[in-house]
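In: here is my input; please provide its structure:
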Amino acid sequence: MHTAYLLLGGNMENRDKVLQQALDALWDLGRITAVSARKETEPWGFTKPVNSFLNQAVCLETELNPELLMKNAWKLNIIWAESASRPNILKTAQNHTNPGL
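Out: Predicted coordinates:
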């Protein structure tokens, strides 16, 4: 069993909902043992004005090795990024997560 600490965050519409969906999807990768409070932070380093970010840390116990965990976490990230143009894709995020990749 491995312990991983993941940092979640976003600045798109309905940030709370997206963070909750991320937490729900992470259960496919392991067992969430702790979550931090959500914290709003101001963006920096952007050339154009953007929304504030909402961030949260997660402790995940997983059987996946670090490489497989990151592959699956990035896969979820890509699905959520695509959801801006296709909102229903969030409903199927867990179906696209395959720890055996």
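
In: wait, Ser52 touches Glu40, no?
Out: Yes: the pair Ser52 and Glu40 passes the contact test of C-beta atoms under 8 Å, sitting 5.2 Å apart. Every residue, glycine included, has its C-beta placed from N, CA and C.

In: overlap in contacts, the two.
Out: Shared contacts of Ser52 and Glu40 (C-beta atoms under 8 Å, 6 or more residues apart in numbering): none.

In: by contact count, what packs against the helix or strand containing Leu76?
Out: Assigned by DSSP states H and E, Leu76 falls within helix 66-82. Taking 3 or more C-beta pairs under 8 Å, 6 or more residues apart in numbering; DSSP states H and E as the contact definition, the neighbouring helices and strands of helix 66-82 are strand 2-10, helix 15-26, helix 93-96.

In: that helix versus helix 15-26: what angle between them?
Out: The directions of helix 66-82 and helix 15-26 differ by 140 degrees, with axes from the mean of the first three to the mean of the last three C-alpha atoms, to 10 degrees as the criterion.

In: all further residue positions should be reported with the first residue as 36.
Out: Right, with 36 as the first residue, what we last looked at is helix 101-117.

In: quick one, helix 101-117 and strand 37-45 angle?
Out: 20 degrees.

In: where are the low-confidence patches of the protein?
Out: Across the chain, the stretches falling below the confidence threshold (pLDDT under 70) are 113-136.

In: who does Phe88 bridge with?
Out: Using DSSP bridges, the bridge partners assigned to Phe88 are Thr76.

In: measure it to Lys74 for me?
Out: For Phe88, the distance to Lys74 (C-beta to C-beta, to the nearest Å) stands at 9 Å.
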